[in-house]
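Peer 1: No sequence on hand, only this structure:
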């Protein structure tokens, strides 16, 4: 049985490494493409997040011209006009 299969093995002996090599190259290309796509998506999302954070920081943090108070202050109102709770 081994003698009959030996010619087949020798016949395809040199083709097998080439096929494996091709498959390995294809697999590496696919993985490389997927990795690049993942990095691009992450980079795009990271840029969006940074823009959002920067916008938020620019619009919510007061600069020297604005003064914000942490306590709520009401104007003085005569007692007759104050609501009764």
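Peer 2: Done, it's in. Note that the coordinates shown come from a computational prediction; the quantities given were computed from them, not determined experimentally. Numbering: from 1, shown residues only.
Peer 1: what about residue 23, how many neighbours?
Peer 2: The tally of other residues near residue 23 (other CB atoms under 10 Å) stands at 10. From N, CA and C alone the C-beta is placed, and that goes for glycine too.
Peer 1: Find me the pLDDT at it, would you?
Peer 2: Reading off the confidence values, residue 23 has pLDDT 84.
Peer 1: do residue 34 as well
Peer 2: Looking at residue 34, its pLDDT stands at 90.
Peer 1: Tell me the spacing between it and residue 58.
Peer 2: To residue 58, residue 34 is 36 Å away according to CB to CB, to the nearest Å.
Peer 1: swap in residue 25?
Peer 2: According to CB to CB, residue 25 stands 49 Å off from residue 58.
Peer 1: Below-threshold pLDDT in this protein: ranges please.
Peer 2: Scanning the chain for pLDDT under 70 picks out 1-17, 61-77, 81-85.
Peer 1: hmm, try it at 90
Peer 2: 1-29, 31-33, 35-85 (pLDDT under 90).
Peer 1: what about residue 39, neighbour count?
Peer 2: Neighbour count of residue 39, defined by other CB under 10 Å: 10.
Peer 1: Three-state assignment for it, please.
Peer 2: Taken by DSSP: H, G, I helix; E, B strand; the rest coil, the conformation at residue 39 corresponds to helix.
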